[in-house]
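S.K.: Here is a sequence with its predicted model. Questions after.
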Amino acid sequence: MTAPLVDVDALVKSDQSRLIHPHLAGADTERIVMVEGSGCQLRDAHGREYLDATGGLMLGHVGHGRRELVDVAAGQMSKLEYFSSFHEFTNEPSIKLASRLIDIAPSPMERVYFTSGGAEAVDAALRMARLYHHRRGEPERTWVLARNFGYHGVTYGGGAATGMPMFHNGFGPMLPHVRHLTPPMPFHPELYGGEDPTEFCLRELRQTIEEIGADQIAVMIGEPILGAGGVVIPPHDYWPRVRELLAAHGILLILDEVITGLGRIGHWFAAEPMGITPDFIVTAKGLTSGYFPMGALLVAGHVADVVTRDEGFIGGYTYSGHATGCAVALENLDIIERENLLAAAVEIGDHLGDQLRRLEELPIVGQVRQIGLMIGIELAQDPATGEPLSAGWVAPLVRERHGIIIRNNPNTILLSPPLVLSRSEADQVAAAVTDVLTEYATTAKRRVSA
Ligand code: PMP
């Protein structure tokens with residue numbers, strides 16, 4: 001281990017007294033001061049090295065320390081760092097990025113609205129959906145259908161659509177006129193009372209539309225694959241059937257591709273392989289691989305025509321269409337294409353997934369779900385019943401013992417490394433997770449039989 005690069009104790013003390021961290025309980029807990037990264041490798045202020053198997057928060061597609069992105073940002077900043085995109089003002093990188101996104105997006109997408117992140121793009125989609133109906137003479141269409149276990153950010157719009165109680169408790173009241181439905185989670189048959197999960201979900205959706213009234217509902221929002229909810233991949237006919245039902249009732253569909261978009265599952269967007277034709281696609285994360293805080297809302301032509309007419313779409317973010325952010329995003333997409341990272345996500349993802357699926361033999365692993373480089377390992381007290389087992393202990397152990405950073409939701413381990421993960425790095429990740437879970441499973445069994 002090398003000498004600390006900075007006065008780490010002073011930094012940590014200052015952090016502990018000055019910063020509010022998301023999702024951190026207790027003021028005096030450990031801090032890890034990250035100082036540099038390259039590819040999937042990270043180094044903290046003590047000189048300790050880590051393998052980033054989370055891509056920060058499920059992004060970082062092109063990996064850390066990419067000189068090309070630094071150069072593009074510096075070049076753009078030295079010409080024009082930023083100017084407003086409100087009214088008639090615009091800039092070359094944002095125009096080019098919008099065209100590029102439409103080129104790679106599925107066919108109904110025709111226009112782009114830029115934001116500073118995912119939740120802002122979700123909020124913009126909700127506002128556009130309501131405005132669309134309002135301008136077409138149906139102002140009473142205000143309800144939003146969302147899903148339990150869905151995650152759409154923590155603004156009041158996205159937060160209300162998020163279907164996890166921890167994001168609502170103590171923050172209420174939430175945005176009214178939001179109803180959460182059940183998503184299909186085939187590993188949890190207990191949620192569906194013996195019915196097929198897709199049939200249950202479709203019946204629930206039909207009943208909800210009937211109960212609220214189709215003429216009161218603006219839009220439904222969902223992730224093609226639940227991300228923070230545990231990497232839950234729906235049965236193949238779920239989304240096309242949901243889409244068909246919504247369309248029959250004039251209800252719009254927002255597909256939240258903040259995680260799945262721009263390469264993580266081996267496609268530019270999940271909509272295409274999953275056979276979904278939404279009215280909006282929300283993207284962020286992989287758009288800039290984290291080199292700039294940015295999101296983009298892609299809007300289908302028939303919706304864009306309505307929200308841009310009359311006085312246009314009122315409401316923008318200061319950093320919408322940020323020249324430097326858009327230039328960075330363009331180069332980031334070029335890198336993804338140049339280095340075939342869509343194919344890499346599938347190849348390395350399958351390689352890692354093949355090793356991790358063996359963990360299903362352990363008595364504490366319920367199900368391993370993998371698509372591209374999006375992986376969830378759901379723990380269970382008893383895999384036969386799916387009774388949940390907390391996953392909170394796994395990430396700290398894997399980090400301490402193996403220097404690998406992973407995440408978890410309450411009972412699922414989440415892996416989402418940069419798409420530049422090498423085979424040997426994938427092997428390290430698989431070996432580390434296997435080591436920690438196997439030891440726990442063995443000692444737990446010993447505890448039970450003792
Ligand atoms: N939607 C999804 C599916 C997400 O995973 C996230 C972030 N994890 C968001 C929206 C919110 O994005 P942001 O944190 O950039 O606002």
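M.R.: Done, it's in. Numbering: from 1, shown residues only.
S.K.: Please make it C-alpha for all contacts and neighbour counts, starting now.
M.R.: Fine.
S.K.: what stretches of the protein score poorly on pLDDT?
M.R.: 1-5, 445-450 (pLDDT under 70).
S.K.: rerun at 80
M.R.: Applying pLDDT under 80 to the chain flags residues 1-6, 27, 444-450.
S.K.: Which residue ranges of it form helices?
M.R.: Along the chain, the stretches classed as helices by DSSP state H are 8-18, 55-58, 67-80, 92-104, 118-135, 156-161, 197-212, 238-248, 301-307, 323-338, 341-357, 394-402, 423-449.
S.K.: Tabulate the ones you listed in TSV, adding columns for mean neighbour count and distance to H180.
M.R.: Output for these, formatted as TSV (neighbours: other CA atoms under 10 Å; distance: least, CA to CA, whole Å):
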stretch	mean neighbour count	distance to H180
helix 8-18	13	36
helix 55-58	22	24
helix 67-80	15	40
helix 92-104	17	30
helix 118-135	24	15
helix 156-161	24	8
helix 197-212	16	10
helix 238-248	17	14
helix 301-307	18	24
helix 323-338	22	33
helix 341-357	21	31
helix 394-402	16	30
helix 423-449	15	33
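S.K.: need the ones you listed in JSON lines with distance to the ligand, can you?
M.R.: Shown next, in JSON lines, are those (distance: least, CA to the nearest ligand atom, whole Å):
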{"stretch": "helix 8-18", "distance to the ligand": "21"}
{"stretch": "helix 55-58", "distance to the ligand": "6"}
{"stretch": "helix 67-80", "distance to the ligand": "19"}
{"stretch": "helix 92-104", "distance to the ligand": "18"}
{"stretch": "helix 118-135", "distance to the ligand": "3"}
{"stretch": "helix 156-161", "distance to the ligand": "7"}
{"stretch": "helix 197-212", "distance to the ligand": "20"}
{"stretch": "helix 238-248", "distance to the ligand": "16"}
{"stretch": "helix 301-307", "distance to the ligand": "21"}
{"stretch": "helix 323-338", "distance to the ligand": "14"}
{"stretch": "helix 341-357", "distance to the ligand": "18"}
{"stretch": "helix 394-402", "distance to the ligand": "18"}
{"stretch": "helix 423-449", "distance to the ligand": "22"}
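S.K.: Just list the residues touching the residue nearest the centre of the chain, thanks.
M.R.: Geometric centre of the chain, nearest residue: I259, 3.0 Å, by CA atoms, centre = their mean. With contacts defined as CA atoms under 8 Å, 6 or more residues apart in numbering, I259 is in contact with 58-59, 227, 283-286.
S.K.: now with 7 Å?
M.R.: The contact partners of I259, by CA atoms under 7 Å, 6 or more residues apart in numbering, come to 58, 227, 285.
S.K.: one step back: could you dump the helices of the chain into CSV with distance to F149 added?
M.R.: Putting the helices of the chain into CSV (distance: least, CA to CA, whole Å) gives the following:
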stretch, distance to F149
helix 8-18, 31
helix 55-58, 17
helix 67-80, 34
helix 92-104, 28
helix 118-135, 16
helix 156-161, 10
helix 197-212, 14
helix 238-248, 16
helix 301-307, 27
helix 323-338, 29
helix 341-357, 23
helix 394-402, 21
helix 423-449, 24
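S.K.: Give the phi and psi angles for the nearest residue to S390 once chain neighbours are set aside, as a check.
M.R.: In this structure, S390 finds its nearest non-sequential neighbour in N411, 4.6 Å apart by CA to CA, 6 or more residues apart in numbering. When read as degrees, to the nearest 10, the backbone of N411 gives phi -130, psi 20.
S.K.: how close does N411 get to G229?
M.R.: The spacing between N411 and G229, counted by CA to CA, to the nearest Å, is 10 Å.
S.K.: So which of the helices of the chain is nearest G295?
M.R.: helix 118-135 (5.3 Å; CA to CA).
S.K.: hang on, the earlier thing: looking at the helices of the chain, which is closest to P293?
M.R.: P293 sits nearest to helix 323-338 of all those, at 7.3 Å, using CA to CA.
S.K.: elements contacting that closest one?
M.R.: helix 67-80, helix 92-104 (3 or more CA pairs under 7 Å, 6 or more residues apart in numbering; DSSP states H and E).
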